[in-house]
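Enquirer: Make a model of this:
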Amino acid sequence: MVTENEVLKALRQIMDPDLRKDIVSLGFVRDLKIEDGVVSFRIVLTTPACPVKDEMARQAERLVAELQGVTKVNVTMDAEVPRGRGVANNLELPNVKNIIAVSSGKGGVGKSTVAVNLAVSLALDGARVGLMDADVYGPNVPIMLGVKSYEPQILERKLVPTEAHGIKMISMALLAAPDQAMIMRGPMLHGVVRQFLSDVAWGELDYLIVDMPPGTGDVQLSLAQLVAVQGAVLVTTPQTVSTADVRRALKMFQTVGVPILGIIENMSYFTPPDMPEKRYYIFGEGGGKKLAEEYKVPFLGEIPLGIEVREAGDMGIPVVISSPGSPQAKSFKKVAEEVARQVSIEAMKQELVILTKSK
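Expert: Numbering: from 1, shown residues only. Okay, the predicted model is just below:
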């Protein structure tokens, strides 16, 4: 009869490609049961968006099935997003595992569009996601999610966020008249960020995506000071004017101790619908990738320019839902998988140090 140790020894041959440790040492193998030659277990990965999930399941099934005495193998693939860095200076959000800042050096690069589609893509993969619109001066997230009305509700002295397309969301646009100008100085902005973090009933979240205002101002500093941000995702276009400003944003996050999860290049190229084989690099080519290589941070991917994205934003239905087969939607989903992967790597760093020291 096959033993538990034999099964675990076989599964140690499977390596996580990002964490570079075997799945047994990482604690991914759970609920192992052996009954009359039937071996059942779960493999709990660090993200529901893992691109090698199916391949890992096949490999586990094959390795265990080869053991003497095994008649059947039941592999269940699951995900449990690890909690990010420890609690920072002031606020504790015990139910939020990872806070991700989506930022840019300048406006007009599609940062909010990226934040919305990133959040919805992660939710489509099975994660619990919240989206905090911290772009106080230009809060457009409700439009992009199709939220046209909001009746504030209080639950246990906290504001209940609205829900759309599988994610929770809060924005200044929900709490003010549509044409009201947001005239705020530093202390007021700090107060808004604090309230959106601590006075909103976010519930259990794997990821809280924060859509930041462009630049390197008060909101960025407030977020870094108030909570432990797992990492920042920087959005740029290929052109030099955009990448020059992203350099400043990157340096700012590094200065305040926020890891850079990577760079996304938006509006990378345009492909005419009637000529899908052609690409026009309207804003230049490769600027985002070159910047990532220069600063030795991950390049998370390219998002092509397309009318589908603009139409989806105006309709209030993100392109990953309205046109899931479009090149733009496929790119957003791939980028979301890469962001989730980088978050898991960042979150697991401390555990990997412990594993290494124990050997």
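
Enquirer: And the strands in the stretch 151-300 of the chain, which stretches?
Expert: For the stretch 151-300 of the chain, the strands defined by DSSP state E, counting those that start in this stretch occupy 154-155, 158-159, 162-164, 167-171, 207-211, 231-236, 260-270, 299-305.

Enquirer: Select the longest helix from this protein.
Expert: Assignment by DSSP state H gives helix 327-357 as the longest helix of the chain.

Enquirer: Mind giving me the packing neighbours of that helix?
Expert: helix 111-124, strand 231-236, strand 260-270, strand 299-305, helix 307-315, helix 319-322 (3 or more CB pairs under 8 Å, 6 or more residues apart in numbering; DSSP states H and E). (Glycine included, C-beta is placed from N, CA and C.)

Enquirer: re the thing from before, nearest to residue 18, out of the strands of the stretch 151-300 of the chain?
Expert: strand 260-270 (12.8 Å; CB to CB).

Enquirer: Quick check: which helices or strands does that closest one pack against?
Expert: helix 111-124, strand 231-236, helix 240-255, helix 287-295, strand 299-305, helix 327-357.

Enquirer: Go through the strands of the stretch 151-300 of the chain and pick out the most buried.
Expert: strand 231-236 (a mean of 29; mean count of other CB atoms under 10 Å).

Enquirer: Contacts for it, please.
Expert: 100-105, 109-111, 114, 118, 242-243, 245-246, 249-250, 253, 258-266, 287-288, 291, 300, 339, 342-343, 346 (CB atoms under 8 Å, 6 or more residues apart in numbering).

Enquirer: quick one: strands adjacent to it?
Expert: Applying DSSP bridges, strand 231-236 is found paired with strand 99-103 (parallel), strand 260-270 (parallel).

Enquirer: Relative to residue 206, which of the helices and strands packed on strand 260-270 is closest?
Expert: Of the helices and strands packed on strand 260-270, the one closest to residue 206 (CB to CB) turns out to be helix 111-124, at 7.6 Å.

Enquirer: tell me how far that closest one is from the chain's mean position?
Expert: On the basis of CA atoms, centre = their mean, to the nearest Å, helix 111-124 sits 8 Å off its chain's mean C-alpha point.

Enquirer: buried ones in it?
Expert: 111-124 (16 or more other CB atoms under 10 Å).

Enquirer: The helix or strand following it: which residues count as buried?
Expert: The helix or strand immediately downstream of helix 111-124 is strand 129-133, counting by DSSP states H and E. For strand 129-133, burial by neighbour count (16+ other CB under 10 Å) applies to 129-133.

Enquirer: With stretch 70-81 instead?
Expert: Applying 16+ other CB under 10 Å to stretch 70-81 flags 70, 73, 75, 79-81 as buried.

Enquirer: same thing with stretch 311-325?
Expert: So, applying 16+ other CB under 10 Å, buried residues of stretch 311-325: 312-313, 316-323.
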